[in-house]
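Visitor: Quick one: sequence plus predicted model below, questions after.
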Amino acid sequence: MHSQYQRNQNCSIGKFESMLKTKELKFFDLCEFEEIVNHYIDISDFTKTKKAIDLGLNQHPNSCELLILKAEHYILTNHYESAALIIDDLMVVHPENEIIYQHKAAILSKKNLHEDAIEILKKGMRFCHNYSEFNSLIALEYLYIEEYFMAKEYFIKCLNKDDRDNHSLYNIIYCFESMNDNLGAISFLNECLNKNPYNEVAWHQIGRQYFEIRMYEQALVSFDYAIICDEKFVGAYFELAKTLEKLGRYNEAISFYEITLSIDDPTSFAFHRIGECHLLLGNDLLGLKYLKKTIHEDPLLEKGWISLCNYYLIKKNYREAIHYINKALKIDDSNYFFLKIYSKAHKEMGLLEESCMGYSKLYYNNNYDIKICLEWVEVLLKLKDFSKGIEVLSELISKYPNNSKFQYFLAGFYMMISNNDEASFFLKNAYSISPSEIEVFYEVFPSSITNSLVKKTLQF
């Protein structure tokens, strides 16, 4: 039956395409036009959609179905006012056509009038044959306005109609998560599993909820059941492996990540996690092998580059860290984590100009992490770039007026250029905020220990 319909549709489309090429006008019945228009809408060929609708309305000027398709075409091409004019007229003539209500709601939704869209859909439900479709549309409108409780209730209506409607199930769990109600999600999923104990998606989702609230043993059991229901459920294997990692069972985690590689195409995520597990087990060579596989498989996965470079930083192999972070920066030269590693590695190598360049880029990309800013100031101090240090510290104090370290550093920088008044002013401020951090000041500026200005300012 389906194949016969397909042949008829292909015949209609072929006939229409032939007409467009020869420009020889041909007659199509209404059903043929509907098939042709729906085909072009499905493949997003809106130029031919318009031609088919215009010709169809010339041959069948009073067709409600073609007018509805014309309105749909307007909606898809963002001509909402034109669509609304057609729909409003049709609603008067055909007030019991459910599709008209759906299109009216779609127009309102596109205009961000979601509550009005909900009311229209509720009116349309009086005439609908498929309540689930209307319930789903209403639920989506509630999602748009972040009314998660109501969205959840309407998605539940869809699931009650079809307990294999996993699209609705995912959305229900999304609503629970948006309300930070993991326990509510668990209770709901248990009800679902009582009705359908072989639903692998429900087992997977309940495992995720247990994972979120750190009930890892229960999560393991749930993911196991998901795999029993579907032994090729890659997502369940991933989640099972992640849970085993949390429990410190790294060898087992590796084995499950490896299963995902055998079921589906290799993923950079799996390579990355296998690499990290091997490093945690002390298998450095295997860990590095998989981290390098990660960046080869997906150079855009920042975690792969970060893990690889951090390994070399920990091992104090700064040359290798710099080698790989330079490659990472060619992909994304403004990435916060890449620039942070770049700056630190060059600093440890004593390459202060390069380090300073990295910290500068971090700062001027609006990354005002206090630790990073202090590291940059230390580099500026080593470079004896006192004017730049004073400029940066002054800006930082305007952002963090109660940070004593910035005030101590600024006092020290002013001491370096013998501006005693400013040095004394900021030293007093810093000491009033945190007297204990004077030790940091002495450590960074050792000459200050015996400096008479310091003693006079602090009245020692």
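Guide: Received, thanks.

Visitor: Contacts made by stretch 68-84 with the rest, please.
Guide: 34, 37-38, 41, 44, 46, 49-50, 53, 57, 86-87, 90, 97, 99-100, 103-104, 106-107, 110-111 (CB atoms under 8 Å, 6 or more residues apart in numbering). Heads up, the C-betas are built off the backbone N, CA and C, glycines and all.

Visitor: wait, Lys428 sits on Lys456?
Guide: No: in this structure, Lys428 is not within contact of Lys456 by CB atoms under 8 Å, at 10.8 Å.

Visitor: In terms of packing, which of those two has more residues around it?
Guide: More crowded of Lys428 and Lys456, by other CB atoms under 10 Å: Lys428, with 15 against 11.

Visitor: mind checking pLDDT for the more buried one?
Guide: Listed pLDDT for Lys428 reads 93.

Visitor: Once you drop chain neighbours, what's closest to it?
Guide: Excluding the flanking residues, the one nearest Lys428 by CB to CB, 6 or more residues apart in numbering is Thr457, at 5.9 Å.

Visitor: What does the closest residue in space to Ala423 that isn't next to it in sequence show for phi and psi?
Guide: Leaving aside its chain neighbours, Ala423 sits nearest to Tyr414 (3.8 Å; criterion: CB to CB, 6+ apart). Phi and psi for Tyr414, reported as degrees, to the nearest 10, are phi -70, psi -30.

Visitor: Remind me which helix or strand the residue nearest to Lys428 belongs to.
Guide: helix 452-458 (DSSP states H and E).

Visitor: Report the contact partners of the residue nearest to Met416 when sequence neighbours are not counted.
Guide: Among residues not flanking Met416 along the chain, Phe386 sits closest, at 5.0 Å (CB to CB, 6+ apart). Taking CB under 8 Å, 6+ apart, we find Phe386 in contact with 380, 413, 416-417.

Visitor: Just send these back as JSON lines, with distance to Ile156 too.
Guide: Below are these laid out as JSON lines (distance: CB to CB, whole Å):
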{"residue": "Leu380", "distance to Ile156": "60"}
{"residue": "Phe413", "distance to Ile156": "63"}
{"residue": "Met416", "distance to Ile156": "68"}
{"residue": "Ile417", "distance to Ile156": "70"}
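
Visitor: Compare those and tell me which has the most neighbours.
Guide: Phe413 (27 neighbours).

Visitor: pull the CA atoms of the helix or strand containing it into CSV?
Guide: Under the criterion of DSSP H and E, Phe413 resides in helix 404-416. Output in CSV follows, covering the C-alpha atoms of helix 404-416 (Å, rounded to 0.1, in the frame of the first residue of the first chain):
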residue,chain,number,x,y,z
SER,A,404,44.5,43.5,49.4
LYS,A,405,47.1,41.7,47.1
PHE,A,406,46.5,44.1,44.3
GLN,A,407,47.0,47.0,46.6
TYR,A,408,50.2,45.5,48.0
PHE,A,409,51.5,44.9,44.5
LEU,A,410,50.7,48.4,43.4
ALA,A,411,52.5,49.8,46.5
GLY,A,412,55.5,47.7,45.5
PHE,A,413,55.5,48.9,41.9
TYR,A,414,55.3,52.5,43.0
MET,A,415,58.3,51.8,45.3
MET,A,416,60.2,50.5,42.3
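
Visitor: who does that helix touch, helix- and strand-wise?
Guide: For helix 404-416, the packing partners by 3 or more CB pairs under 8 Å, 6 or more residues apart in numbering; DSSP states H and E come out as helix 370-382, helix 386-399, helix 420-433, helix 438-444.

Visitor: let's see it at 10 Å
Guide: Here helix 404-416 touches helix 370-382, helix 386-399, helix 420-433, helix 438-444, helix 452-458, going by 3 or more CB pairs under 10 Å, 6 or more residues apart in numbering; DSSP states H and E.

Visitor: picking up where we left off before, now the helix holding Thr457, how far from the centre of its chain.
Guide: 53 Å (CA atoms, centre = their mean, to the nearest Å).

Visitor: So what touches that helix?
Guide: Where contact means CB atoms under 10 Å, 6 or more residues apart in numbering, the residues beyond helix 452-458 that reach it are 411-412, 414-415, 418, 420-421, 423-428, 431, 435, 438, 441-442, 445, 447-449, 451, 460.

Visitor: let's see 8 Å
Guide: 415, 420, 423-424, 427-428, 431, 438, 448, 460.

Visitor: cool, and stretch 347-355?
Guide: Looking at what lies outside stretch 347-355 - CB under 8 Å, 6+ apart - the contacts are 313, 316, 318-319, 322, 342-344, 346, 375, 379, 382-383.

Visitor: average model confidence for it?
Guide: 96.

Visitor: Could I get the buried residue list for that stretch?
Guide: Along stretch 347-355, these residues count as buried under the neighbour rule (16 or more other CB atoms under 10 Å): 347, 352, 354-355.

Visitor: can you list those residues in JSON lines and add secondary structure?
Guide: Formatted as JSON lines, the buried residues of stretch 347-355 follow (DSSP: H, G, I helix; E, B strand; the rest coil):
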{"residue": "Lys347", "secondary structure": "helix"}
{"residue": "Leu352", "secondary structure": "helix"}
{"residue": "Glu354", "secondary structure": "helix"}
{"residue": "Ser355", "secondary structure": "helix"}
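
Visitor: Before we move on, what's the pLDDT of Ser255?
Guide: At Ser255, pLDDT is 98.

Visitor: I meant to write Arg7 there.
Guide: 50.

Visitor: what residue ranges in the stretch 51-200 of the chain are flagged as low confidence?
Guide: Within the stretch 51-200 of the chain, no range satisfies pLDDT under 70.

Visitor: for it, what spans make up the strands?
Guide: Here the stretch 51-200 of the chain has no strands by DSSP state E, counting those that start in this stretch.

Visitor: Just give the nearest non-adjacent residue to Glu146, would you?
Guide: Ser178 (7.4 Å).

Visitor: Tell me how many other residues crowd the one you found.
Guide: Quick note: Ser178 (other CB under 10 Å) scores 14 neighbours.

Visitor: which ones are touching the nearest residue to Glu297 once chain neighbours are set aside?
Guide: Nearest residue to Glu297 in three dimensions, chain neighbours excluded: Ser268, at 4.3 Å (CB to CB, 6+ apart). By CB under 8 Å, 6+ apart, the residues touching Ser268 are 294-295, 297-298, 301, 304.

Visitor: Ser268 and Phe223, how far apart?
Guide: 22 Å (CB to CB, to the nearest Å).

Visitor: so what pLDDT did the residue nearest to the spatial centre of the chain get?
Guide: Geometric centre of the chain, nearest residue: Leu301, 13.1 Å, by CA atoms, centre = their mean. In this model, Leu301 is scored at 96, pLDDT.

Visitor: List the contacts of stretch 168-177.
Guide: Against stretch 168-177 from outside (CB under 8 Å, 6+ apart): 136, 139, 143, 148-149, 151-152, 155-156, 158-159, 162, 182, 184-185, 188-189, 192, 199, 201-202, 205, 208-209, 212.

Visitor: could I get that stretch in CSV with only the CA atoms?
Guide: Taking C-alpha atoms only, stretch 168-177 is exported to CSV below (Å, rounded to 0.1, in the frame of the first residue of the first chain):
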residue,chain,number,x,y,z
SER,A,168,8.1,13.0,25.2
LEU,A,169,10.0,11.0,27.9
TYR,A,170,13.2,12.9,27.2
ASN,A,171,11.3,16.2,27.4
ILE,A,172,9.7,15.2,30.7
ILE,A,173,13.1,14.5,32.3
TYR,A,174,14.4,17.8,30.9
CYS,A,175,11.5,19.5,32.7
PHE,A,176,12.3,17.8,36.0
GLU,A,177,16.0,18.7,35.6
